[in-house]
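Asks: Sequence and computational prediction follow.
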Amino acid sequence: ANAPTSQTVSGLTVRGSSFTGQVSAVSMGPGKEVTGVGFTAATSSGLTVWVTRINTTATVVNWMVIGQ
């Protein structure tokens, strides 16, 4: 709770030479229970998804990697 937690997504094959991502938490309490969501290290094979919550409830995060 109250600390960023990460999960790495791997095994992708995204075409391109530069990569970015988009992430979105699925939550009934955005800003109240989920206080942050983001990503780091987007590559052709995956990215790391981060979420911060005020409690330890499991959270679904939708993600995508975009290659250019």
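Replies: Yep, it's here.
Asks: what pLDDT, on average, does the longest strand anywhere in the chain get?
Replies: Of all segments of type strand in the chain, defined using DSSP state E, the longest is strand 34-43. For strand 34-43, mean pLDDT is 96.
Asks: Check which helices and strands the next helix or strand along the chain from that strand sits against.
Replies: Note on strand 34-43: by DSSP states H and E, the next helix or strand toward the C-terminus is strand 46-53. The contact analysis (3 or more C-beta pairs under 8 Å, 6 or more residues apart in numbering; DSSP states H and E) places strand 46-53 against strand 5-9, strand 19-26, strand 34-43, strand 60-67. All C-beta spots, glycine's among them, are computed from the backbone N, C-alpha and C.
Asks: How about Gln7: which residues does it bridge to?
Replies: Counting by DSSP bridges, Gln7 forms beta bridges with Val49.
Asks: pLDDT score assigned to it?
Replies: pLDDT recorded at Gln7 is 97.
Asks: All set, thanks.
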